[in-house]
Structure formats: C-alpha cells, structure tokens
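Visitor: dropping a prediction and its sequence here:
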Amino acid sequence: MKTHRLISALIAIALAGPALADCRVEYKAKQDNPLRLSFGTATLPEKACADKKAAARALAPQLAKQGWTLLSIVSILPDK
C-alpha cells in the first residue's frame with residue numbers, strides 16, 4: 001500500500017510540472033568610469049523567454065536601475 005501511494009505521489013508531481021515557465025538568461029553587461037565588465041545570470045518571466053530580443057527588452061531596464069548597461073544576451077536557459 002505504501003508503494004502504491006509513493007508511485008501515485010511521484011506521478012502527480014511529474015504531471016504537475018513547474019508552476020511557472022520562467023527562464024534564466026546569461027548576459028554580458030558593463031559599467032563606465034571606471035570600466036567594469038560583468039557576465040551574469042538573471043531569471044525572467046515567461047513572456048521574456050521567446051528570444052534574445054525579448055529577453056533584452058525585459059532585462060535592460062533592471063540592469064540600468066543598478067547602473068549597468070546590457071551588452072548582449074548570451075543564452076536563454078529553462079529555469080530549473
């Protein structure tokens with residue numbers, strides 16, 4: 001009986017999947033005076049995960065608030 005419950009629970013978890021389809025992006029950014037370069041990762045909402053342009057539109061304002069300029073989106077990865 002315990003095995004049956006365990007299998008049922010595992011199947012339910014597998015079918016449920018993640019609640020959100022967010023993604024992680026790897027990006028390059030810079031700051032001036034003095035020049036500082038950064039390679040970082042950020043989690044973005046699903047609507048920004050379609051392509052690099054959408055990811056850049058979502059991420060650039062966030063980085064700008066911290067004094068960084070987005071140079072490029074390197075890759076888009078599924079969020080774990």
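Guide: That came in fine, so what should we check first?
Visitor: burial count for L59?
Guide: Here the count is done by other CB atoms under 10 Å, and L59 has 20 residues near it. For the C-beta atoms, the positions are set from N, CA and C on the backbone; glycine is no exception.
Visitor: distance of it relative to R36?
Guide: 17 Å (CB to CB, to the nearest Å).
Visitor: quick one, grab the pLDDT at the nearest residue to K28 once chain neighbours are set aside.
Guide: Of all residues not flanking K28 in the chain, L71 sits nearest, at 4.3 Å (CB to CB, 6 or more residues apart in numbering). Per-residue confidence at L71 stands at 98 (pLDDT).
Visitor: give me the element the closest residue to K52 other than its chain neighbours is part of.
Guide: By the measure of CB to CB, 6+ apart, the closest residue to K52 outside its immediate chain neighbours is I73, 4.2 Å from it. Element membership for I73 (DSSP states H and E) is strand 69-78.
Visitor: does the residue nearest to K28 touch D32 like I think?
Guide: No. Taking contacts as CB atoms under 8 Å, L71 lies outside contact range of D32: 11.9 Å.
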